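Enquirer: how does the following fold in three dimensions:
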Amino acid sequence: MEKNCFGGDELSREEIKVKKSIGILLCVALLSVFISGVQGAPKKVTLRLMQFKPEITDQVHAMAKQYNKENPNVIIEAEILQADYEAVLSTKLNSRNAPDIFMTNGYFYNQVYLDYSYDLTNEDYIKEIDPSTLEAATWNGKIYGFPFLVESYAFIYNQELFAKAGITELPKTLTQLEAACRKLQAKGITPFGNGYREGWVFKHIFSHLMAGEGNFRETAERLNRGESTFGALPSAMRIFDLLDLTLKYGNSRPLETDFTQQIMLLATGEVAMIHQGSWAEEGIRKINPQIKLAYLPAPVGEDPDKARVMVDANILYRLNKDSKNLNEARKWLEWLITSDSGRKFIVEECKFIPTIKGIRPPDVQLANETISYMEKSQTYPWVQGYWPAGWETHLGNLLQDYCGGARTKQQVIAELDRTWSALVNY
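Expert: The predicted structure follows:
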């Protein structure tokens, strides 16, 4: 052992080697702890959700906050549109700003969005969905979306005003419907509240008449092949008779009346009925909590058996298969279907009839009406699911023109054929 320059004993070479080894091991250990800490920290993720249904805007934002509360590393940015939704969605899906989760209709739209939709067929949580509601989400035997609610539409009427007018039996034909309108008018009650400023309302009214043709898929396929025209569909062409009736016995300035004004007219007792769906009840009830609502199945011509309520699980949440956050989006969808919070959003917050097995539907009037008509087999599926993508926009514009006197019946029919053919062959 040698002395060092400070008078102390110098370290042996062996001791120096040992101390160096210990130092290296300590550095490695500290570095491992640091790396482990970095890797263990949850990655911050922003999920972009894009959808229509502005009537549940508040509920969607509340759901996003709840998900972030339960999953602090994930923020959901929700963009909710109605007008031009499909055009905006299409643009975004073909850009770097594509949403991670997006809403569309089902049926034909499964083909339209096939290249963007993640295949959910083998996800365990899909087993929680009632199989009868998956048809709208299925294409070539695979499931491309979550049908998160059962919705319905028809004429929504104020039971007290119908009783005041002495209407004891619901009209089932157009002739009977006009007779009911005359009874309402005799009591100083405006029969219809028409929100025809909204082009989308026409797809619901028209689909009611088109459903009366029966063989929904075959009807659409014959139109696709050019083997039929709209003029050759007698039930569908009663749309003009029904629109004429609503205009004759409806509110003033219907083309200036939007959805919010339309439900206001019903909620305040200014009109007896509106053609709308289960999504309208929450807004109506906020204005008039005591109102008694029910469905009047829309008459389809003069055959009383064809008067039914439109019921379907036709609105889907899809996951973008090319999303860089696909796994987080899958976790969100699993949460929506299986967690208490997700199920509460669907049933308690939105008041929707769920497609998830074993969940009690909300105890609200139009949900109860829907279930009643389902049990009586007096329903049609949403036949607009078989229409070419984008055609409903043309339909809305054309029927707005008809209601405003800008186009004749024959001009509208010709354009219905032309636009359908153009979109099918695009």
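Enquirer: low-scoring stretches of the chain, by residue?
Expert: Low-confidence segments of the chain, defined by pLDDT under 70, are located at 1-41.
Enquirer: just the strands in it please.
Expert: Along the chain, counting by DSSP state E, strands occupy 45-51, 74-80, 101-105, 138-139, 142-143, 146-147, 151-158, 190-192, 271-277, 293-296, 309-312, 315-319, 379-380.
Enquirer: what pairs with the first one, parallel or antiparallel?
Expert: It refers to strand 45-51. Here strand 45-51 is paired, per DSSP bridges, with strand 74-80 (parallel), strand 101-105 (parallel).
Enquirer: only C-alpha atoms, please: export the first one in PDB.
Expert: So the one you mean is strand 74-80. Listed next in PDB are the C-alpha coordinates belonging to strand 74-80 (Å, rounded to 0.1, in the frame of the first residue of the first chain):
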ATOM      1  CA  VAL A  74     -57.300  11.200 -22.500                       C
ATOM      2  CA  ILE A  75     -59.100  14.300 -23.700                       C
ATOM      3  CA  ILE A  76     -62.100  14.000 -26.100                       C
ATOM      4  CA  GLU A  77     -62.600  17.000 -28.400                       C
ATOM      5  CA  ALA A  78     -66.200  16.800 -29.800                       C
ATOM      6  CA  GLU A  79     -67.200  18.500 -33.000                       C
ATOM      7  CA  ILE A  80     -71.000  18.400 -33.500                       C
END
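Enquirer: need the contact partners of that strand.
Expert: The contact list for strand 74-80 (Cβ atoms under 8 Å, 6 or more residues apart in numbering) reads 44-54, 57, 60-61, 63-64, 67-68, 99, 328, 332. (Glycine included, C-beta is placed from N, CA and C.)
Enquirer: please apply the same query to stretch 352-369.
Expert: 128-130, 133, 147-152, 156, 277-278, 281, 285, 292-295, 309, 313, 337, 343, 346-348, 351, 370-371.
Enquirer: off-centre distance for it?
Expert: Relative to its chain's centre, stretch 352-369 lies at 16 Å (Cα atoms, centre = their mean, to the nearest Å).
Enquirer: my guess is A307 contacts P299, does it?
Expert: Yes. Using Cβ atoms under 8 Å, A307 makes contact with P299 at a distance of 4.9 Å.
Enquirer: what sits in contact with each of the two?
Expert: What both A307 and P299 touch, as defined by Cβ under 8 Å, 6+ apart, is the set 172-173.
Enquirer: just to revisit the earlier point, relative to T246, which of the strands paired with strand 45-51 is closest?
Expert: For T246, the closest of those is strand 101-105, at 24.5 Å, according to Cβ to Cβ.
Enquirer: right, and the strands of the chain - which one's nearest H208?
Expert: Nearest to H208, of all the strands of the chain, is strand 309-312, at 6.1 Å by Cβ to Cβ.
Enquirer: can you spell out which helices and strands pack onto that closest one?
Expert: Contacts defined by 3 or more Cβ pairs under 8 Å, 6 or more residues apart in numbering; DSSP states H and E place strand 309-312 against strand 151-158, helix 201-211, helix 365-375, strand 379-380.
Enquirer: hang on, the earlier thing: buried subset of the contacts of stretch 352-369 as a PyMOL selection?
Expert: Command for PyMOL that selects the buried part of these, burial taken from 16 or more other Cβ atoms under 10 Å:
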select buried, resi 128+129+133+147+148+149+150+151+152+156+277+278+281+285+293+294+295+309+313+337+343+346+347+351+370
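Enquirer: who's in contact with T173?
Expert: T173 touches 299, 301-304, 307, counting by Cβ under 8 Å, 6+ apart.
Enquirer: which of the strands paired with strand 45-51 has the highest mean neighbour count?
Expert: Among the strands paired with strand 45-51, ranked by average contacts under mean count of other Cβ atoms under 10 Å, first place goes to strand 101-105 (a mean of 24).
Enquirer: show me how far it is from its chain's centre.
Expert: Strand 101-105 has its C-alpha centroid displaced from the chain centroid by 7 Å (Cα atoms, centre = their mean).
Enquirer: equivalent analysis for stretch 207-217, please.
Expert: Using Cα atoms, centre = their mean, the offset of stretch 207-217 from its chain centre is 21 Å.
Enquirer: since we're on Y153, how many residues are nearby?
Expert: Other residues lying near Y153 total 25 when counted by other Cβ atoms under 10 Å.
Enquirer: which residues does it form beta bridges with?
Expert: Bridge pairing for Y153 (DSSP bridges) gives the partners G277, M310.
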